[in-house]
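Asker: Quick check, what structure comes out for this input:
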Amino acid sequence: MSDFSDAYFRASKDIAGVGGALESAAFVNDVQSAIDAALAAMKIESDRLTNVGVNYVKGNLAEIWHAETLNVAAVAKGNEEVWAEALINCKTGQDVAYGNSSEAYMAELKYYGSAKDTAGALGNPAYVGNQKVVPSDQLEGVIAESQKQAARNQDIRPEVAAAYQDTADAVSDRIEIDGVTSKPLTEGDAKSIASELKRDGDINADKYGLNTEGFIEWSDIFRESGSAALNAAAFSAALTAAPHVYRIIDKCIKTGELDAKLIREGAVHVLSSSSAAGLRGGLAAVITGSCKSGLMGASLKGLSPTAIGMATAMALNSIENSWRYAQGQISAKELAFNSSRDAVALMMGGGGAALGQMLIPVPILGALLGNLVGSTIGAVGVSYANNKVLGICVESGWTFWGLVDQSYVVPEHVLREAGFDLFAPQYFKPELFAVNKFNVQRFQTDRSGFTFVRRGVIAFNAVGYQ
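Answerer: The predicted model follows:
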């Protein structure tokens with residue numbers, strides 16, 4: 001296998017780490033974009049009600065809060081069918097519309113100053129059948145008050161009693177559909193948000209949990225990492241298979257037959273590469289998602305996904321090389337060379353990813369192609385430089401700080417060419433002297449000849465007589 005082919009196949013496997021990291025980062029960015037949309041919607045509503053009191057504005061903002069946080073949660077859960085919209089139209093029982101691809105529902109929200117007042121507002125028979133949402137700190141009080149009023153009106157106003165009982169049975173502090181829920185909000189927080197928006201025109205999102213760590217859970221990270229692993233394996237399989245497919249087609253065109261040996265070799269190589277790529281992509285996705293989402297602490301949210309992908313690939317390559325060294329499959333010098341080659345290739349891949357994204361402004365694709373090209377060039381460059389260093393070591397006897405072995409033991413075939421008789425114990429068989437078999441032979445001289453002994457590379461980073 002040529003240096004370029006070896007570098008290409010290594011890069012097609014290592015690129016999975018960057019791909020998985022970028023895919024996981026894109027997921028976190030999508031959640032953050034949904035959060036930004038929620039903040040923008042609340043700011044717009046606050047600006048619209050500039051001359052209205054806080055106690056009124058808080059109710060409208062609560063409607064937007066539950067609609068938009070349901071949308072954010074849908075993105076975090078990977079559910080593209082769930083949607084929600086704050087209607088802000090003052091129509092009875094139609095504060096928030098929400099649903100999925102097949103059904104639509106209405107929710108009525110009440111954010112009064114006390115649980116008793118909130119329960120009383122929801123006791124309107126016109127709200128029966130709708131989802132009823134109240135402040136999270138008033139939920140238990142609203143249920144208790146609704147049950148009390150239902151019992152009180154049972155005989156005198158049956159329709160009112162039924163409305164209160166409907167509230168007791170259906171009320172919640174969140175909107176929920178298909179396992180996706182909006183974020184609960186207390187009456188105090190709703191009022192505080194309204195005050196901050198009216199006073200400052202903005203709010204402290206982290207204070208109210210409007211951040212990625214407030215919506216993304218570990219289960220979401222693992223779900224996305226599984227998807228990233230599959231995509232990385234598929235992408236790596238395609239890259240690895242391409243040269244093999246070309247060789248098979250080229251051989252078929254020339255000979256008219258399919259080479260079964262080439263097909264088997266290609267299949268084994270693709271399976272091996274794609275499985276390793278899936279591991280790299282999945283692991284890099286988990287690390288990136290947990291860091292970028294804030295689950296590992298706010299200080300790690302700024303880490304570059306490309307750097308995480310490179311570090312993951314380098315760590316796994318180091319583990320693989322160390323295992324092979326421990327098993328005696330490679331020498332210590334091969335371990336050092338492989339580690340340095342991977343480091344250079346991955347650094348070049350990182351630069352290539354940044355350049356590729358600039359030249360090909362397609363999310364993820366440009367970075368992946370740039371990383372592939374950069375990693376391949378880096379690995380080829382290291383191999384080329386190593387060959388040049390070995391050439392210098394052949395001529396000068398330089399050991400390159402101990403990385404190159406200089407052997408001055410003359411090989412047996414060279415000694416034989418020089419006319420030396422070599423003693424081989426395994427072939428030495430003494431015979432008894434028999435007079436009747438003793439024949440005198442004439443001595444005949446051979447012509448003198450000269451063979452120049454040259455030095456060259458005889459093993460990995462080893463120079464000796466060839």
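Asker: switch to C-alpha atoms for all contacts and neighbour counts from now on
Answerer: Fine.
Asker: Can you give me the distance of the nearest residue to Pro135 once chain neighbours are set aside to Gly464?
Answerer: Nearest residue to Pro135 in three dimensions, chain neighbours excluded: Thr186, at 4.6 Å (C-alpha to C-alpha, 6 or more residues apart in numbering). Going from Thr186 to Gly464 by C-alpha to C-alpha, to the nearest Å gives 80 Å.
Asker: And for Ile330?
Answerer: 19 Å.
Asker: try Gly59
Answerer: Distance, Gly59 to Gly464, using C-alpha to C-alpha: 85 Å.
Asker: Then Ala233?
Answerer: The gap separating Ala233 from Gly464 is 42 Å, by C-alpha to C-alpha.
Asker: These two: who's more crowded?
Answerer: Shown here are Ala233 and Gly464; by other C-alpha atoms under 10 Å, Ala233 has more neighbours (29 against 19).
Asker: so the more buried one sits right up against Val270, yeah?
Answerer: No - look at Ala233 against Val270 with C-alpha atoms under 8 Å: they stay out of range, at 9.5 Å.
Asker: how many neighbours does Leu49 have?
Answerer: Residues near Leu49, counting by other C-alpha under 10 Å: 15.
Asker: Identify the residue nearest it in space, chain neighbours excluded?
Answerer: Val57 is the one closest to Leu49 (C-alpha to C-alpha, 6+ apart), at 6.9 Å.
Asker: what sits against that neighbour?
Answerer: Going by C-alpha atoms under 8 Å, 6 or more residues apart in numbering, Val57 touches 46, 49, 194.
Asker: do the same with Leu185
Answerer: Applying C-alpha under 8 Å, 6+ apart, we find Leu185 in contact with 62, 135-136, 173.
Asker: Which helix in this protein has the most residues?
Answerer: When the chain is parsed with DSSP state H, its longest helix is helix 3-48.
Asker: quick one on the thing from earlier: check which helix or strand covers the residue nearest to Leu49.
Answerer: Element membership for Val57 (DSSP states H and E) is helix 54-76.
Asker: Counting by contacts, list what the helix or strand that that helix is followed by packs against.
Answerer: The helix or strand immediately downstream of helix 54-76 is strand 83-86, counting by DSSP H and E. If you count contacts as 3 or more C-alpha pairs under 8 Å, 6 or more residues apart in numbering; DSSP states H and E, strand 83-86 packs onto helix 54-76, strand 96-99.
Asker: most packed of the ones you listed?
Answerer: helix 54-76 (a mean of 24; mean count of other C-alpha atoms under 10 Å).
Asker: Double-check Met42 against Glu63; I have them as touching.
Answerer: No - in this structure, Met42 is not within contact of Glu63 by C-alpha under 8 Å, at 9.4 Å.
Asker: Give me the residues contacting the helix or strand containing Ile308.
Answerer: Taking DSSP H and E as the criterion, Ile308 maps to helix 305-326. Contacts to helix 305-326, defined as C-alpha under 8 Å, 6+ apart, come from residues 14-22, 25, 280-281, 283-284, 287-288, 330-332, 335, 338-339, 342-343, 346-347, 350, 353.
Asker: Look up how far Ala37 lies from the nearest residue to Lys77 once chain neighbours are set aside.
Answerer: Using C-alpha to C-alpha, 6+ apart and skipping the chain neighbours, the partner closest in space to Lys77 is Asp220 (6.2 Å). With distances taken as C-alpha to C-alpha, Asp220 is found 21 Å from Ala37.
Asker: Check Glu103 too.
Answerer: 24 Å.
Asker: got it, and Ser172?
Answerer: Distance of Ser172 to Ala37, computed by C-alpha to C-alpha: 24 Å.
Asker: quick one, which of the two is more surrounded?
Answerer: Applying other C-alpha under 10 Å to Ser172 and Ala37 shows that Ser172 carries more neighbours, namely 22 against 16.
Asker: Test my guess that the more buried one contacts Val133.
Answerer: Yes - counting by C-alpha under 8 Å, Val133 is a contact partner of Ser172 at 5.1 Å.
Asker: quick one: pLDDT of the closest residue to Asp342 other than its chain neighbours?
Answerer: Distances taken as C-alpha to C-alpha, 6+ apart put Met314 closest to Asp342, at 6.7 Å, once the chain neighbours are dropped. Reported pLDDT at Met314 in the predicted model: 79.
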